[in-house]
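Trainee: Predicted coordinates and the sequence they were generated for:
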Amino acid sequence: MSTTDRTRTAVAAMLRGFTYDGRRAQQVEALDAPDSEEHILSLGAPAIGDAELPLDLTDDFIGRSARAWNSFVQEHGDLPGIVTVEGAGAFRIAKSGRASGDKTQSGGQPVAAERGSTMQGRIAVVTGGAQGFGLALAEEIAAGGATVALVDLNLDGAEASAADLNARFGAGSAIACAANVADNDSVAAMTDMLVARFGGFDLFISNAGVLRAGSVMSLSVQDFSLVTDVNYSAFFVCTKHASSVMRLQDAGYRARVAATAATGVTDNIDTLPAHYTTDILQINSKSGLKGSNKNGAYAGSKFGGIGLVQSFALELVEYGIKVNAICPGNFFDGPLWSDPDRGLFVQYLNAGKVPGAQSIDEVKRHYEKQVPLGRGCTGADVARAVYYIVDQVYETGQAVPVTGGQEMLR
Ligand SMILES: NC(=O)c1ccc[n+]([C@@H]2O[C@H](COP(=O)([O-])OP(=O)(O)OC[C@H]3O[C@@H](n4cnc5c(N)ncnc54)[C@H](O)[C@@H]3O)[C@@H](O)[C@H]2O)c1
């Protein structure tokens, strides 16, 4: 990624922070050139802060820009439509469109229908969003009025799913993006692309995951490494880049509030939150809470994920970023279990893993009986936990079980 691209990404995130009103921010889109001559704010050349970080700007540049932004708003009584930044290009501040307040369109999605405005106007990223839990979460989030980026290795699948969400919930509900979450350069490019399009994001769900079961004695080192790379290391890589964007949104927001306070105009400054609150969420597993027989690579990667969640939560709270995990039980209706050719039910039936079972239904019932609430976990169950975590601004570093009582916290 070139220095210019990184600077453009950092400036877009800062500008999005300027628009945060304590609950929502506007979309900020990077342009090749200004596409309007009205309401233009021009800022000087940005100065890069800590070069070790994926993204940074100096406090001096952020403070000067926030003061210029406030003067513009005072003079015009409105936000700038276009911001030009020396050496970083032009940025459109969206004042309409989905991100500035479309009504929730639940379209039969149960959680979005129950939960009102939690997701409205947010920008959300869901990795592994082409199918399974990721797609189910993206549906509930888009139905709640957010714009969702479906990030997946499988670009065709992500594009088809995004097209479906746009058809059901309105244009601008979803966008597809190819990335390998375990690859640092790929995640950096994905982050740049999304920030150039939206100015940043409010919710990053690290959901992409893989499972390679097997005995410690026979599982190959390659399979162990794949599971560790995608389920464990990728959470570090994604959090590294997502938190850099969120930190700059917060820096922009706080600089704008400080600049407003300095003018002596009281405004509603006392009622504003201290930070631009954002969420990083890991879709973990009940196997992150209890060991799993002949499935050690998976359980180990998920246990490790909770260690990262707790540690990142402690560090990132300084920037208003909450970090939490959700630990779902088995999603029997998803492709991992129910795919007719490669799903675990058909594999377990063929392998005779459930003594006496003659059909897929019998294998399924065997597993359902192990859940106190008597059924598998669904996307809606996990989405309820996502909505809860986003709503709950007074919690971070937690692992929330959604297991039907199968796994209980000690
Ligand atoms: N299915 C379950 O029963 C279950 C239970 C508990 C937790 N989980 C967790 O939920 C998450 C989603 O599981 P699922 O069952 O929906 O999986 P799935 O296999 O149905 O979907 C996973 C998606 O992630 C994508 N993906 C895989 N590797 C990737 C990579 N390196 N970069 C980008 N995308 C990648 C795949 O292309 C796919 O679209 C995983 O983290 C899994 O561990 C699943």
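Mentor: Happy to help now that I have it. Residues are numbered from 1 along each chain as shown.
Trainee: so what's the nearest residue to G329 once chain neighbours are set aside up against?
Mentor: Spatial nearest neighbour of G329, excluding adjacent residues (C-beta to C-beta, 6 or more residues apart in numbering): T403 at 3.7 Å. Every C-beta, even on glycine, is put in place using the N, C-alpha and C of the backbone. With C-beta atoms under 8 Å, 6 or more residues apart in numbering as the criterion, the residues that contact T403 are 286, 327-329, 371, 377.
Trainee: OK, contacts around the residue sitting furthest away from the middle of the chain?
Mentor: Going by C-alpha atoms, centre = their mean, the residue of the chain most distant from its centre is G356, 42.9 Å out. Listed by C-beta under 8 Å, 6+ apart, the contact set of G356 reads E362.
Trainee: per-residue pLDDT, the residue nearest to G329?
Mentor: Note for T403: predicted pLDDT of 98.
Trainee: Need the phi and psi values for it.
Mentor: Per-residue torsions, T403: phi -120, psi 10 (degrees, to the nearest 10).
Trainee: Could you do R122 as well?
Mentor: The phi/psi pair for R122 (degrees, to the nearest 10) is phi -80, psi 160.
Trainee: State the phi and psi torsions of whatever residue of the stretch 51-200 of the chain ends up closest to the ligand.
Mentor: Distance from the ligand to each residue of the stretch 51-200 of the chain (C-beta to the nearest ligand atom) is smallest for G132, at 2.2 Å. Per-residue torsions, G132: phi 60, psi -150 (degrees, to the nearest 10).
Trainee: roughly how far apart are the closest residue to it other than its chain neighbours and L219?
Mentor: Counting by C-beta to C-beta, 6+ apart, G334 is the residue found nearest to G132 once chain neighbours are left out, at 4.6 Å. Using C-beta to C-beta, to the nearest Å, one gets 23 Å for the distance from G334 to L219.
Trainee: which of those two has more neighbours?
Mentor: Remark: of G334 and L219, G334 carries more neighbours, 21 against 17, as counted by other C-beta atoms under 10 Å.
Trainee: Check that one and give its pLDDT.
Mentor: Note on G334: pLDDT of 92.
Trainee: What backbone torsions are found at it?
Mentor: The phi/psi pair for G334 (degrees, to the nearest 10) is phi -80, psi 170.
Trainee: right, and it touches F133 too?
Mentor: Yes - assessed by C-beta atoms under 8 Å, G334 is found in contact with F133 at 6.4 Å.
Trainee: shared neighbours of those two, anything?
Mentor: Common contacts of G334 and F133 (C-beta under 8 Å, 6+ apart): G379.
Trainee: what pairs with the residue lying closest to A33 once chain neighbours are set aside across the strands?
Mentor: In this structure, A33 finds its nearest non-sequential neighbour in A90, 5.8 Å apart by C-beta to C-beta, 6+ apart. Beta-bridge pairing of A90 under DSSP bridges involves L31, T84.
Trainee: E29 is in contact with A90, correct?
Mentor: No - using C-beta under 8 Å, A90 is not in contact with E29; the gap is 9.4 Å.
Trainee: so how far is L316 from S2?
Mentor: 27 Å.
Trainee: Of the two, which one has the most company?
Mentor: Neighbours were counted for S2 and for L316 using other C-beta under 10 Å; L316 has more, 22 against 8.
Trainee: Can you tell me what sits against the helix or strand that that one is a member of?
Mentor: Secondary structure from DSSP states H and E places L316 in helix 296-316. Contact partners of helix 296-316, identified using C-beta under 8 Å, 6+ apart, comprise 211-214, 216, 219, 223-224, 227-228, 230-232, 235-236, 239, 243, 246-247, 280, 282, 284-285, 287-292, 322-325, 327, 396-399.
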